[in-house]
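S.K.: need a structure here:
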Amino acid sequence: MAKKLEELIEETNGADDEKITCVVVDQGMGSALEIAAKMGIHQASFCHMVITKMALLLSIPNLINDGIISNEDIIPIGPLLASNRLGNSIGNFWPEDPTCLKWLDQQPPCSIIYVVFGSLTIFNKQQFQELAMGLELSNRPFLWIVQSYSTDSRNDVYPKGFLERIGT
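M.R.: As a prediction, this is how the structure comes out:
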């Protein structure tokens, strides 16, 4: 893609029309910034996740007032409910898995550690096992969302006996 982008900029700037004078990309396109710098073009990068984080931070007082999160103890991190009365999930792109709901309903409020790293994080086996052991050693109930692509190894990723000890 880098070569094609460079060719596109050269072709566009070689014409008598408007010129490309600045390249603006999100954080995942660092190579485009390098090409622009090499060609003497101004460049800028932005992180769209910062906008989402800012929106969440500004929403926290409303989430507390609506009883969706607690101002005391543990504040949940992850997908939040749009309404604690309606149970509509915000930002859910995966099909819901209701198998854990009965278990969650039996837990005291603010007692669960919720762990999810999203779809871009891939752990090596050692990292994955260290995280598993840390959760187990916390001696707290936890809900850990693990996608099949979360590790770079599909066989025996959990520490030996982990699933039996935590009672999945």
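
S.K.: quick one, helices of the chain?
M.R.: 2-14, 30-38, 48-65, 101-105, 125-137, 162-166 (DSSP state H).

S.K.: out of those helices, nearest to Thr21?
M.R.: Comparing the helices of the chain against Thr21 with C-beta to C-beta, the closest turns out to be helix 2-14 (8.9 Å). Where you see a C-beta, it was placed from the backbone N, CA and C, and this is true even at glycine.

S.K.: want to throw the helices of the chain into TSV with mean pLDDT, distance to Thr21 and mean neighbour count?
M.R.: Compiled in TSV, these are given as follows (pLDDT from 0 to 100; distance: least, C-beta to C-beta, whole Å; neighbours: other C-beta atoms under 10 Å):
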stretch	mean pLDDT	distance to Thr21	mean neighbour count
helix 2-14	89	9	12
helix 30-38	89	10	16
helix 48-65	77	23	11
helix 101-105	87	53	10
helix 125-137	91	43	14
helix 162-166	89	55	12
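
S.K.: mind putting the ones you listed in TSV, distance to Ser111 included?
M.R.: Output for the helices of the chain, formatted as TSV (distance: least, C-beta to C-beta, whole Å):
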stretch	distance to Ser111
helix 2-14	49
helix 30-38	41
helix 48-65	18
helix 101-105	10
helix 125-137	14
helix 162-166	15
